[in-house]
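# fold the stuff below for me.
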Amino acid sequence: MSRITQQKIQQRLPLYVPNMKVNPDAPISLSVCFCVLDKTLDLSHLQPQFKKSFVVYVGEGTLPNENSISLPSVGISRNVYLSFVVTNKKYFDLMIVLDNTNLEEGGFSCCNPNRLETWDAVFANQTYKYYDINNLRPKPNVTNREIQKHIPKSSEPIQVVSAFGGLAIYKTKFLSENMYANDEHVTFNTRYGGQRKFVYPSLLLKTSPEMATFYVV
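Coordinates of the predicted model:
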């Protein structure tokens with residue numbers, strides 16, 4: 001299959017001005033776009049934490065959220081929501097990519113003004129052990145990690161080249177022509193324009209041993 005460029009995907013996207021959900025009393029005064037591949041995920045407890053929010057779903061099905069859009073999957077699904085965000089970048093401060101919404105209370109503290117300027121992208125931690133080994137790159141040219149590790153919530157941010165862990169937050173000002181090479185995150189993260197990328201221990205998703213079956217310690 002020939003490579004589908006971001007420009008070609010954008011040509012197939014509907015011309016759409018995001019109908020933002022506005023929460024004037026939200027604790028975080030930022031505008032965000034949540035990007036998900038699974039329409040069954042419940043974002044109702046996450047959206048109120050931001051002043052403005054919008055949801056992009058990729059794939060067929062009924063929209064569970066009025067402040068959202070559903071886009072047909074073309075080629076690599078993650079490039080569809082990415083192209084939408086890049087096209088509408090002026091509306092959003094952050095792109096939040098998530099496969100898991102089971103976030104502990106206070107998880108978005110990394111977006112508070114006193115912390116926001118210390119990072120360009122942050123990735124989730126887990127309550128059990130860090131399980132997303134496929135996308136974790138602590139240093140360039142490290143291709144594999146077969147050991148899971150519990151990262152205490154109180155730990156300092158851990159700088160990485162790539163990670164995911166079920167939830168990632170990117171500053172839209174660093175998004176460009178970069179695209180996903182597949183539905184994993186490594187190639188996108190390594191080419192992302194912002195260099196300050198961290199696993200953020202307090203950005204904590206509730207997980208269990210069942211979430212860490214790919215590798216056994």
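# got a list of what the residue nearest the centre of the chain touches?
Residue closest to the average C-alpha location in the chain (C-alpha atoms, centre = their mean): V97, at 2.2 Å. Shown in contact with V97 (C-beta atoms under 8 Å, 6 or more residues apart in numbering): C35, V36, R78, Y81, F164, L167, A168, I169, Y170. For every residue, glycine as well, the C-beta is placed using N, CA and C.
# now those residues in TSV, with secondary structure, distance to P157 and neighbour count?
Listed next are the contacts of V97 as TSV, based on DSSP: H, G, I helix; E, B strand; the rest coil; distance: C-beta to C-beta, whole Å; neighbours: other C-beta atoms under 10 Å:
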residue	secondary structure	distance to P157	neighbour count
C35	strand	22	22
V36	strand	24	22
R78	helix	24	21
Y81	helix	25	24
F164	coil	15	21
L167	strand	15	27
A168	strand	14	28
I169	strand	12	21
Y170	strand	15	26
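# which of those sits closest to R115?
I169 (11.3 Å; C-beta to C-beta).
# which residues does the closest one form beta bridges with?
Counting by DSSP bridges, I169 is bridged to I96, V122.
# and what of L71?
Beta-bridge partners of L71, as defined by DSSP bridges: V58.
# wait, it sits on V80?
Yes - counting by C-beta atoms under 8 Å, V80 is a contact partner of L71 at 5.1 Å.
# ok, the residue nearest to the centre of the chain to W119 distance?
15 Å (C-beta to C-beta, to the nearest Å).
# what's the first helix or strand after the lowest-mean-pLDDT helix or strand in the chain?
Least confident helix or strand of the chain, by mean pLDDT, DSSP states H and E, is helix 6-12 with a mean of 51. Per DSSP states H and E, the first helix or strand lying C-terminal to helix 6-12 is strand 21-22.
# tell me the mean pLDDT over that next one?
When pLDDT is averaged over strand 21-22, the result is 87.
# what's next to it, contact-wise?
Looking at what lies outside strand 21-22 - C-beta under 8 Å, 6+ apart - the contacts are Q47, K51, K52, S53, F54, N67.
# neighbouring strands - and their directions - for that strand?
strand 50-58 (antiparallel).
# residues near S68, how many?
For S68, the count of nearby residues is 21 (other C-beta atoms under 10 Å).
# sweet, I'm off.
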